[in-house]
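Student: give the three-dimensional model of this entry:
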Amino acid sequence: MAYTIIDPILGAQPIEETSTTQRHPFGLIVQGVDPTHGMGQFQYVKGVTSGAAGSWVTINSDDWTTALLAANAIGPVGVFMTALSASTIFGWAQINGKVASAKCLTSFADNGRVYATATAGSVDDASVAGDVVHGAKGASTTTVSSGVAEFEIQFPFIEDRVSIIS
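Tutor: Numbering: from 1, shown residues only. Below is the predicted model of the structure:
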């Protein structure tokens, strides 16, 4: 995860850096580029207890708090680019592009659908009715020992309902 902000922002907080001082307006979206993974978009948010790098989170646009993604969640989804392990730590969640390393359970299939699980902050490709993360898919395989995989995301969201999107 070596994304660099390409938007011209004076004093921009680097994508992989945390801060205990708010350095940008919450909700700010910037573009970044990685030499291997290409372009991505990132949103400035507050952390959450146990928010590790690669954690999947839901983003609350009312106050820019986050919650580790879990079964039955609702709302926009992102992936922490660094450890944002408390609500007083601020940084970036990726919301678009190729995620180099995000948490997942067991074996994850390349091109697999993404589902929230009972393990907060991690996803799986095992089908769970109502817990599909729309706008996300696996982009590599993983093994139990690594617990991470690559993903492709495009403004992902979860809605906790069984629906058919055509």
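Student: show me where the protein dips below the pLDDT cut-off.
Tutor: Within the chain, the segments meeting pLDDT under 70 span 1, 143-145, 163-166.
Student: now the strands for it?
Tutor: Remark: strands assigned in the chain by DSSP state E are 4-5, 29-34, 38-46, 56-59, 66-68, 75-80, 90-103, 113-116, 123-124, 132-138, 148-158.
Student: now the ones you listed in a markdown table, with distance to Gly11?
Tutor: Placement of C-beta: from N, CA and C, glycine included. What follows is those, written out as a markdown table (distance: least, C-beta to C-beta, whole Å):
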| stretch | distance to Gly11 |
| --- | --- |
| strand 4-5 | 11 |
| strand 29-34 | 13 |
| strand 38-46 | 13 |
| strand 56-59 | 23 |
| strand 66-68 | 23 |
| strand 75-80 | 21 |
| strand 90-103 | 14 |
| strand 113-116 | 34 |
| strand 123-124 | 34 |
| strand 132-138 | 31 |
| strand 148-158 | 27 |
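Student: distance to Ala12 and mean neighbour count for the ones you listed - can I get that in TSV?
Tutor: As requested, those are arranged in TSV below (distance: least, C-beta to C-beta, whole Å; neighbours: other C-beta atoms under 10 Å):
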stretch	distance to Ala12	mean neighbour count
strand 4-5	5	14
strand 29-34	7	17
strand 38-46	10	20
strand 56-59	20	25
strand 66-68	20	21
strand 75-80	18	24
strand 90-103	10	24
strand 113-116	29	23
strand 123-124	29	26
strand 132-138	26	20
strand 148-158	22	21
